[in-house]
Each structure stands twice: as C-alpha cells, then as structure tokens.
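Trainee: I'd like to go over a predicted model; first the sequence, then the structure.
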Amino acid sequence: MAAVEASWPEADSVPVRREGASGVELDDNIAVYDDVGQLMILLNSSAGAVWNLCDGSTTVDEIVRALTETYPDQAPVIGDDVRDTLRKLAEIGLVTEAPGP
C-alpha cells in the first residue's frame, strides 16, 4: 500500500486514477479492477462518484462542488467524505496526485 500524507488531498489537489485501473458499473456500485496490482474492489455509489471524477484535471474542490450540486441534502458532509474516500483510494494504490503541467 502507498503511504499517503495526512494533508493530502488539499483543495487544489488533482487526483487521477492509476493507469491500469478500470471500473465497470454494477447496479449502483462500481467494480474497480487494477491489472497492475491485480486488485478488485467494489465501490458503493458514493465512492464510485468520486472515482469517476478522478480524471487528472478536476481538483478536489471541483469534485466537492459537483457532488454538492448533485446531492444538496448531503452538502454538510460531502467535503470530508470526498477527502476520506480519496485517501482510502490512494492508500490502496488506485488514485494518486496527477503530475503537474
């Protein structure tokens, strides 16, 4: 597992899915398979929404904003949930910080 800094992700961090990892929608969930680490994980709909937005060009703040617009009733907890989900995905090696320009 990758070591993740406690301060990551920051508001302007740009998470990206690791090359070799792909997701397939299964009902309300997403099955993610990483052919490099040979890992398969099932993400619930919330974690799947975060995963889908880790495109290497969207900042953490933009992810939070997009999900807040989609789920306004959950607005008070979305920021923390997004950061927690990103940390967990990074710890298992499925998400990393996108390289700078």
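Mentor: Structure's in. What do you need?

Trainee: tell me the bridge partners for His17.
Mentor: One thing to correct before we go on: residue 17 is Arg, not His. Val95 (DSSP bridges).

Trainee: how close does it sit to Glu69?
Mentor: According to CB to CB, to the nearest Å, Arg17 and Glu69 sit 22 Å apart. Bear in mind the C-beta positions are built from the backbone N, C-alpha and C, glycine included.

Trainee: okay, the two: which has more neighbours?
Mentor: A direct count of neighbours by other CB atoms under 10 Å for Arg17 and Glu69 places Arg17 higher, at 21 against 10.

Trainee: how much space between the more buried one and Val95?
Mentor: Where Val95 is concerned, Arg17 sits at a distance of 6 Å (CB to CB).

Trainee: common neighbours of these two, please.
Mentor: 51, 54 (CB atoms under 8 Å, 6 or more residues apart in numbering).

Trainee: quick check: phi and psi on the closest residue to Asp34 other than its chain neighbours?
Mentor: Distance criterion CB to CB, 6 or more residues apart in numbering; nearest residue to Asp34, sequence neighbours excluded, is Ala21 at 4.3 Å. Note on Ala21: backbone dihedrals following degrees, to the nearest 10 are phi -100, psi 140.

Trainee: which ones are touching Ala21?
Mentor: Per CB under 8 Å, 6+ apart, neighbours of Ala21: 32-36, 94.

Trainee: would you mind measuring from the nearest residue to Ile30 once chain neighbours are set aside to Asp81?
Mentor: Of all residues not flanking Ile30 in the chain, Gly48 sits nearest, at 3.6 Å (CB to CB, 6+ apart). Per CB to CB, Gly48 is found 13 Å from Asp81.

Trainee: same thing with Ala49?
Mentor: Note on Ala49: its distance to Asp81, by CB to CB, is 10 Å.

Trainee: and these two? Which one has more around it.
Mentor: For Ala49 versus Asp81, neighbours defined as other CB under 10 Å are more numerous around Ala49 (20 against 17).

Trainee: quick one: low-confidence parts of this protein?
Mentor: Residues of the chain that meet the criterion pLDDT under 70 lie in 1-4, 37, 101.
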